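Asker: Give me a 3D structure for the following:
(2 chains)
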Protein chains: 2
Amino acid sequence: MPISSMLHFNTVAILGVGLIGGSIGLGLRRRALARRVIGIGYRKESLRVARERGAVTETTLDVAAGVADADLIIVCTPVGRIVDDVRTVAANGRPGVLITDVGSTKAEIVAEVAASLPRGVTFIGSHPLAGSERSGPAAAEADLFVNRVVVITPNETVADDDVQKLTDFWSGLGARVMSMSAAEHDRALAATSHLPHLVAAALALATPAETLELTATGWADTTRVAAGDPELWRQIFASNRTALLAALARFDETLAALRTAIERRDDDKVREILAGAKERRDAVA
Amino acid sequence: MPISSMLHFNTVAILGVGLIGGSIGLGLRRRALARRVIGIGYRKESLRVARERGAVTETTLDVAAGVADADLIIVCTPVGRIVDDVRTVAANGRPGVLITDVGSTKAEIVAEVAASLPRGVTFIGSHPLAGSERSGPAAAEADLFVNRVVVITPNETVADDDVQKLTDFWSGLGARVMSMSAAEHDRALAATSHLPHLVAAALALATPAETLELTATGWADTTRVAAGDPELWRQIFASNRTALLAALARFDETLAALRTAIERRDDDKVREILAGAKERRDAVA
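Answerer: Take a look at the predicted model:
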């Protein structure tokens, strides 16, 4: 395939060049999927690192100038900022521009953005299920999205061409793209990501400090995500509050069943619950 | 140091040559810490693998014969079998023999063994905080205990010489030995190991099967231990029931505080709880 046909985009603008934004830039450049990759940020230092790592071809602190020529704008800022940032880039983008984000929640963002989008500008939510305890452009990797799932949540008003364009973009970075409604995404991610974080945090905090010397790999694995940024996760919890509380209620029921079986010394029931949990866990690599 | 002074034991018998028992044997032989290492088991196949891997110098299905000459006997069978197995090896050991185990719980085992130990035989409980999702002698590693904590729980009737002997044994395998009461061990491990397992199992089971495709590394880490053997963990829960239920009650309080803060949209409180959890998690490497 000639290079030209792989250049899906002439100019891509990335607002927020941290782990995800930086990895998108590196992935695009390594694969020659965009001619220009403009890194936009609020901190000079991050932009400098992103540029030095080759994640972007140029950088700017000026959002309006940075997005003016872009065919695709990717907003990679924290969940609590995304709606405002999408509004800003939409107001400064050229007609026909496609905008997406990489936030961990979708329904609230998609609804609020839809209510205020200028004519001729398209927004489709994205959520790459790829991350790391590390953060910042220094931790960025060109292959971060390879074989990872990226969920996109186009609403009914979005043109098929734009859905295809966004699908090609993520596929080009190596991802497996799944399309679903924002509400469906949020219900699923409440169970598979937000609840695990909440539970891991409660577990870490419930461990008496004087027993930490007696932790081993089991504790370390089970609580690993609790090392994530508190403010970032507060925003995610707030943005997916209803689905998260519903997932927590289901967890409570399972936990209560296990507690009751242990209290009653019901060996068969304890074994049955643990076997069911093992089956569910073993279904994932 | 001449080799002879490192031969702490002439003959070590290991009952149960799985991951832990096999790793003890490999570690002893690699470091020349025992002249003979006798592997005893109930299944020919495990014994064959242990022998072929060099974890033992000889094997037998006959427990009485296998322990007859031993200076040190290590019972590496599942928690629910340990008391019976210690009684059997104690009845067949020679006078002066030191017996230990590697079970994940200690108070119940130590109390039941103490009530039925023949004269001239010493038992001290051990718990190496080393493990793996893998099991069996094929997964054994000579360095499994290097830099890992091993808790020993000598009661007041045990001679200092025997405590020193057991400490030297585990130190010889590279472990960091901590001595405490069996009750203290069980309270700590309820928080650092048994509760995390219980919570991980409930979390895995509470994840709707149709959302498993949308799991990522966070879910995988948080639920990893739930892949453990259900019957083994049932036995551990049963053996440490009281301390586990107390740890679960503490976890419930933390979880309830987080839930309430999310329900009330109390941003400051959510952030404060997550920051406390991060601090606790970050205290462990």
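
Asker: Name the residues linked to the residue nearest to A:S181 when sequence neighbours are not counted by a beta bridge.
Answerer: In space, A:S181 comes closest to A:T153 once its chain neighbours are excluded; the distance is 6.2 Å by C-beta to C-beta, 6 or more residues apart in numbering or on different chains. For glycine as for every other residue, the C-beta is placed from the backbone atoms N, C-alpha and C. On the basis of DSSP bridges, A:T153 is bridged to A:G125.

Asker: Next up, the contacts around the closest residue to A:D143 other than its chain neighbours.
Answerer: Spatially, and ignoring its direct neighbours in sequence, A:D143 is nearest to A:G174 (6.5 Å; C-beta to C-beta, 6+ apart). A:G174 sits next to A:G27, A:D143, A:F145, A:V146, A:N147, A:R148 when contact means C-beta atoms under 8 Å, 6 or more residues apart in numbering or on different chains.

Asker: Out of these, the closest to chain B would be?
Answerer: Nearest to chain B among those is A:R148, at 7.3 Å by C-beta to the nearest C-beta.

Asker: mind listing what A:V270 touches?
Answerer: By C-beta under 8 Å, 6+ apart, the neighbours of A:V270 are A:L258, A:A261, A:I262, B:R234, B:F237, B:A238.

Asker: quick one: which of the residues you listed is nearest to B:T59?
Answerer: B:R234 (29.1 Å; C-beta to C-beta).

Asker: So what touches the helix or strand A:A65 falls within?
Answerer: Per DSSP states H and E, A:A65 falls inside helix A:63-67. Contacts with helix A:63-67, where a contact means C-beta under 8 Å, 6+ apart, come from A:13, A:15, A:38-40, A:60, A:73, A:85, A:88-89, A:92-93, A:97.

Asker: what's downstream of it, the next helix or strand?
Answerer: As assigned by DSSP H and E, the chain's next helix or strand after helix A:63-67 is strand A:72-75.

Asker: Quick check: neighbours of that next one in the sheet, parallel or antiparallel?
Answerer: strand A:9-15 (parallel), strand A:98-101 (parallel).

Asker: The residue nearest to A:S181 against A:A111, yeah?
Answerer: No: using C-beta atoms under 8 Å, A:T153 is not in contact with A:A111; the gap is 10.7 Å.

Asker: which one of the two has more residues nearby?
Answerer: Between A:T153 and A:A111, A:T153 has the larger neighbour count (other C-beta atoms under 10 Å in any protein chain shown), namely 23 against 13.

Asker: wait, what's in contact with the more buried one?
Answerer: A:K106, A:V110, A:I124, A:G125, A:S126, A:H127, A:S179, A:M180, A:S181, A:A182, A:H185.

Asker: Could you export those to CSV, including columns for pLDDT?
Answerer: As requested, the contacts of A:T153 are exported to CSV (pLDDT from 0 to 100):
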residue, pLDDT
A:K106, 98
A:V110, 97
A:I124, 98
A:G125, 98
A:S126, 98
A:H127, 98
A:S179, 98
A:M180, 98
A:S181, 98
A:A182, 98
A:H185, 98
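
Asker: of these, buried ones?
Answerer: For the contacts of A:T153, a neighbour count by 16 or more other C-beta atoms under 10 Å in any protein chain shown gives the buried set as A:K106, A:V110, A:I124, A:G125, A:S126, A:H127, A:M180, A:A182, A:H185.

Asker: Chain B contacts on the stretch 51-200 of chain A?
Answerer: A:129-132, A:148-149, A:151, A:178, A:185, A:187-189, A:191-193, A:195-200 (C-beta under 8 Å from any C-beta of the partner chain).

Asker: Give me the pLDDT value at the residue of the stretch 1-150 of chain A found nearest chain B.
Answerer: Residue nearest to chain B within the stretch 1-150 of chain A (C-beta to the nearest C-beta): A:L129, separated by 4.1 Å. A:L129 carries a pLDDT value of 96.

Asker: Quote the end-to-end distance of stretch A:198-212.
Answerer: Stretch A:198-212 stretches 20 Å from its first residue to its last (C-alpha to C-alpha, to the nearest Å).

Asker: Which residue ranges of chain A form strands?
Answerer: Secondary structure of chain A by DSSP state E: the strands cover A:9-15, A:34-40, A:58-60, A:72-75, A:98-101, A:122-128, A:149-153, A:176-179.

Asker: which stretch among those comes nearest B:W219?
Answerer: strand A:149-153 (12.0 Å).

Asker: Quick one: mean pLDDT over the closest one.
Answerer: The predicted model assigns strand A:149-153 a mean pLDDT of 98.

Asker: and that strand, C-alpha only, in PDB?
Answerer: This file holds the C-alpha atoms of strand A:149-153, laid out as PDB (Å, rounded to 0.1, in the frame of the first residue of the first chain):
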ATOM      1  CA  VAL A 149     -10.000  -2.100  22.900                       C
ATOM      2  CA  VAL A 150     -11.100   1.400  22.000                       C
ATOM      3  CA  VAL A 151     -14.800   2.100  22.500                       C
ATOM      4  CA  ILE A 152     -16.400   4.800  20.400                       C
ATOM      5  CA  THR A 153     -19.900   6.200  21.200                       C
END
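
Asker: what angle separates it from strand A:122-128?
Answerer: Strand A:149-153 and strand A:122-128 are oriented at 150 degrees to each other (axes from the mean of the first three to the mean of the last three C-alpha atoms, to 10 degrees).
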